[in-house]
Structure formats: C-alpha cells, structure tokens
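**Student:** build me a structure from this.
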Amino acid sequence: MIKGVSRRVIVVRSPDRRFFEEAIFIVKEGAMNASGVTADQVVEEARRVADDFARKGRSKWYHRIPAPGYVALGATLSTALWWLGQFL
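**Tutor:** Numbering: from 1, shown residues only. As a prediction, the model looks like this:
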C-alpha cells in the first residue's frame, strides 16, 4: 500500500463482460496541463485503447484447438509425409 500519493485514474467499464469488467488507466501527472490535452480527449483515448484490447482479445479459431489436437495433427501430417516418401 502506498500512502500519501494521489493519482488521477480513468475507469472504463466494458459493455461486453466476456473479457473484462473494467479497465483502469492511471493518467500521468501533468499529461493534460503540458500538452494542452483536454480531459475528454484523455477519456476518449482510454476508451479507444480498451476497445482495441477487447477486439484483439477475441481469439482466432485455431486458438481454441486444445493441445492434443495439435499433437494429433502433427502425427497425422508426419505419417502422411513418411508414407508419401515411400513412393517417391
């Protein structure tokens, strides 16, 4: 636990709760003051980053194949190549 430190945070709640309930962003000190960025722009950027993460989090079809499936596929391909090698 850190005492005596004040941080600005942005909490973005997810409409699709399959991946996460909420994302918490810690804003750098002076980020809005020095660069002329408004609070609305910072919040919008946090939402964009959270949405991008959720989109990338959706796995491809081959990510859902269990490990034994890859073993069986490798064994099948190795056997097929060995079998074809007998005729060449």
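
**Student:** which residues in this structure form helices?
**Tutor:** Taking DSSP state H as the test, the helices found in the chain are 31-35, 39-57, 67-85.

**Student:** those: which one's closest to residue 17?
**Tutor:** Among these, the nearest to residue 17 by Cβ to Cβ is helix 39-57 (10.2 Å). C-beta here means a position set from N, CA and C on the backbone, and glycine is covered the same way.

**Student:** starting at the chain centroid, how far to that closest one?
**Tutor:** How far helix 39-57 lies from its chain's middle: 12 Å, per Cα atoms, centre = their mean, to the nearest Å.

**Student:** before we move on, back to that, if you average pLDDT over each of the helices of the chain, which is lowest?
**Tutor:** Among the helices of the chain, helix 31-35 carries the lowest mean pLDDT, a mean of 70.

**Student:** show residues contacting that one.
**Tutor:** Residues from elsewhere that reach helix 31-35, judged by Cβ atoms under 8 Å, 6 or more residues apart in numbering: 37, 38, 39, 42.

**Student:** now, which of the residues you listed sits nearest residue 28?
**Tutor:** Nearest to residue 28 among the contacts of helix 31-35, counting by Cβ to Cβ, is residue 42 at 9.7 Å.

**Student:** can you list the buried residues in stretch 32-47?
**Tutor:** 42, 46 (16 or more other Cβ atoms under 10 Å).
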